[in-house]
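Asker: fold the following.
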Amino acid sequence: MAIKSEMLRSFAAVAEAGNLADAAAKLGRTPSAVSMTIKQLQDQLAEPLFASDRKNQLTAFGVFVLEQAQTEIAQHDQTRRAISGFASYGSDLIQIAAVPSVAGGILPRAINSFLHKHPKVRIEIRDMESAAIVKGVHEGAFDIGIATAPDSMLARARQTLCTDPFGIICARDHPMAQMTGPVAWSILRGERFIMNPLAATVTDPVFLALTRQARLTAHNTLSLLSLVQAGAGVTVLPELVTHMAWQPVHFLPVQDRSAQRKIDILHAPAAQMTPLIADLCADIQAAATALHMTLSSLS
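Answerer: As a prediction, this is how the structure comes out:
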């Protein structure tokens, strides 16, 4: 008996959920049907996949099969989406996921250039946090992802787009707006600091000590910028984020050269780089270079 994709999908669902009930609900099947499918897979492989009947812990063989199953499922789903997209639109569809600062600061120029050359191509853009982008690209949900990714992820399917330095962000009428920097983190002492997820990635001990007692945290970038513009406090963000502000804010560079994020263009590991995607990536690289030159001329 051949290993069917339904078997792998059922096994992956149970392994990820840790129980039959939740996996069955996700798959839209009954627990008994899912259990039977997994039994067929185990009989076919002649090797146990789970360490117990509770199905909340995998054997070493089960871990290996799960990794292979996830790759196979991602490839299958990506192929299905590509076929459905072409059938629905009658043209090529490119799906992009990017961190908000890139979606708002780099992509518009790149996509404008690309669509002039390829008027029949359709593009879908989603902005989200880096972790979700990396996961989506790895699973084949996006053709292109633009995010900060761990070096161990998608190592063979990425190219550096840019480095984005962190700095102190304040309102234009704040006293620090008269400074040009670079400044030491100690300048934040006594300031009302607004914590955010990106600032939490800065590892300098002086910075961490100064911000540990922050009374205000904002998880949404637009809310964060609104608070800064309203004078509710200052924050620390990568420079690209300042281009999302609808009212001017001041970016003050810091002396800590390690305080920067690297942004990569990520590709689905199982997907072939098509000429269209390669051309769009080149336009994204060109737009990032142009923006960097603009920022350098203003600093």
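Asker: ok, and the closest non-adjacent residue to S113?
Answerer: Nearest non-adjacent residue to S113, counting by Cβ to Cβ, 6 or more residues apart in numbering: D283, 4.9 Å away. Any C-beta I mention is one placed from the backbone N, CA and C, and that applies to glycine too.
Asker: what is the subsequent helix or strand relative to the lowest-mean-pLDDT helix or strand in the chain?
Answerer: Here the helix or strand of the chain ranked lowest by mean pLDDT, DSSP states H and E is helix 60-89, holding a mean of 73. On the C-terminal side of helix 60-89, the closest following helix or strand by DSSP states H and E is strand 93-98.
Asker: can you list contacts of that following strand?
Answerer: Residues from elsewhere that reach strand 93-98, judged by Cβ atoms under 8 Å, 6 or more residues apart in numbering: 82, 85-86, 106-107, 121-128, 132-133, 136-137, 141-147, 276-277, 280.
Asker: returning to that earlier point: buried residues in the helix or strand where the residue nearest to S113 lies?
Answerer: Using DSSP H and E, D283 sits in helix 275-298. In terms of neighbour count (16 or more other Cβ atoms under 10 Å), helix 275-298 has its buried residues at 276-277, 280-281, 283-285, 287-288, 291-292, 295.
Asker: from I265, how far off is D53?
Answerer: 45 Å (Cβ to Cβ, to the nearest Å).
Asker: so who does D256 touch?
Answerer: 166, 184-185, 202, 204, 207.
Asker: one more time with 7 Å, if that's ok
Answerer: Going by Cβ atoms under 7 Å, 6 or more residues apart in numbering, D256 touches 185, 204.
Asker: does it count as helix, strand or coil?
Answerer: Assigned with DSSP: H, G, I helix; E, B strand; the rest coil, D256 falls in the coil class.
Asker: please report how far it lies from L115.
Answerer: Per Cβ to Cβ, D256 is found 39 Å from L115.
Asker: where does F193 fall, phi/psi-wise?
Answerer: phi -100, psi 140 (degrees, to the nearest 10).
Asker: so what's it bridging to?
Answerer: Legend: beta-bridge partners of F193 under DSSP bridges are V234.
Asker: and what of I146?
Answerer: On the basis of DSSP bridges, I146 is bridged to A98, I265.
Asker: neighbours of it, how many?
Answerer: If you count neighbours by other Cβ atoms under 10 Å, I146 ends up with 29.
Asker: what's the answer for the one 3 residues further on, then?
Answerer: A total of 22 residues lie near A149 under the criterion other Cβ under 10 Å.
Asker: how near is the closest residue to it other than its chain neighbours to R158?
Answerer: Ranked by Cβ to Cβ, 6+ apart and with sequence neighbours excluded, the top spatial neighbour of A149 is V134, at 4.8 Å. Using Cβ to Cβ, V134 is found at 10 Å from R158.
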